[in-house]
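Colleague: Below is the sequence, then the predicted model.
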Amino acid sequence: MWKRIDHQPKIRAGHGPQAGQYKELGSAQEPAVSHPLELSEYQSFPVFEDISHHIKEAGPQLVKKVNAIFQLDITKDGKTILQWTIDLKSGSGDMYPGSARLPADTVFTIPESVFMELVLGKMNPQKAFLAGKFKVSGKVLLGQKLERVFKDWAKF
């Protein structure tokens with residue numbers, strides 16, 4: 001049987017904090033990416049929105065084929081400017097801004113200019129990775145499945 005044990009001392013009238021003794025606390029956790037007011041100023045933002053629409057329509061088939069969660073950290077001048085998660089592991093699939101809610105199978109850290117060249121088909125993903133144009137952590141081979149998702153989106 002569980003029993004609650006309250007170790008907090010009882011507070012009597014007049015023994016609490018006095019006026020001016022309160023300390024304002026910040027948020028419990030700073031956001032991983034500070035988003036400016038206008039996300040649309042980034043070249044990659046409309047691409048992510050468009051891919052998100054594709055995933056909403058083709059999600060169930062993609063979940064069956066891919067079965068993975070990808071996090072894409074888009075950088076500029078070495079700092080993360082955008083984070084997107086593509087969840088093709090559960091339900092009917094989802095894509096949302098921000099870090100992965102569940103642990104990501106693969107995390108890509110890609111400069112925005114390189115990402116744009118990749119999605120526009122101007123750069124081969126394998127050659128770009130081997131040349132060190134972007135970083136991958138986690139299950140690297142799942143990147144090939146993400147490449148297929150992007151190719152399906154390009155046909156869409």
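Modeller: Received it, and whenever you're ready, just let me know what you need. All values derive from a computational prediction rather than experimental measurement.

Colleague: Would you mind listing the buried residues in the worst-scoring helix or strand of the chain on mean pLDDT?
Modeller: Least confident helix or strand of the chain, by mean pLDDT, DSSP states H and E, is helix 143-155 with a mean of 84. Neighbour-count burial for helix 143-155, counted by 16 or more other Cβ atoms under 10 Å, picks out 143, 145-146, 149-150, 152-153. For glycine as for every other residue, the C-beta is placed from the backbone atoms N, C-alpha and C.

Colleague: Now the residues you listed in CSV, please, with extra columns for distance to L118.
Modeller: Below are the buried residues of helix 143-155 laid out as CSV (distance: Cβ to Cβ, whole Å):
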residue, distance to L118
G143, 11
K145, 15
L146, 10
V149, 12
F150, 8
D152, 15
W153, 12
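
Colleague: Closest one of these to M116?
Modeller: F150 (12.0 Å; Cβ to Cβ).

Colleague: quick one, what contacts the residue lying closest to that closest one once chain neighbours are set aside?
Modeller: Of all residues not flanking F150 in the chain, V119 sits nearest, at 5.9 Å (Cβ to Cβ, 6 or more residues apart in numbering). Listed by Cβ atoms under 8 Å, 6 or more residues apart in numbering, the contact partners of V119 are 44, 47, 150, 154.

Colleague: please redo it, this time with the cut-off set to 10 Å
Modeller: Residues near V119 by Cβ atoms under 10 Å, 6 or more residues apart in numbering: 44, 47-48, 50-51, 125, 150-151, 153-154.

Colleague: ok, the closest residue to S92 other than its chain neighbours - how many residues close by?
Modeller: Distance criterion Cβ to Cβ, 6+ apart; nearest residue to S92, sequence neighbours excluded, is G59 at 4.1 Å. Residues lying near G59 (other Cβ atoms under 10 Å) number 17.

Colleague: in what helix or strand does G59 lie?
Modeller: helix 44-66 (DSSP states H and E).

Colleague: how close does the spatially most central residue of the chain sit to Q61?
Modeller: Residue closest to the average C-alpha location in the chain (Cα atoms, centre = their mean): S99, at 3.0 Å. According to Cβ to Cβ, to the nearest Å, S99 stands 26 Å off from Q61.
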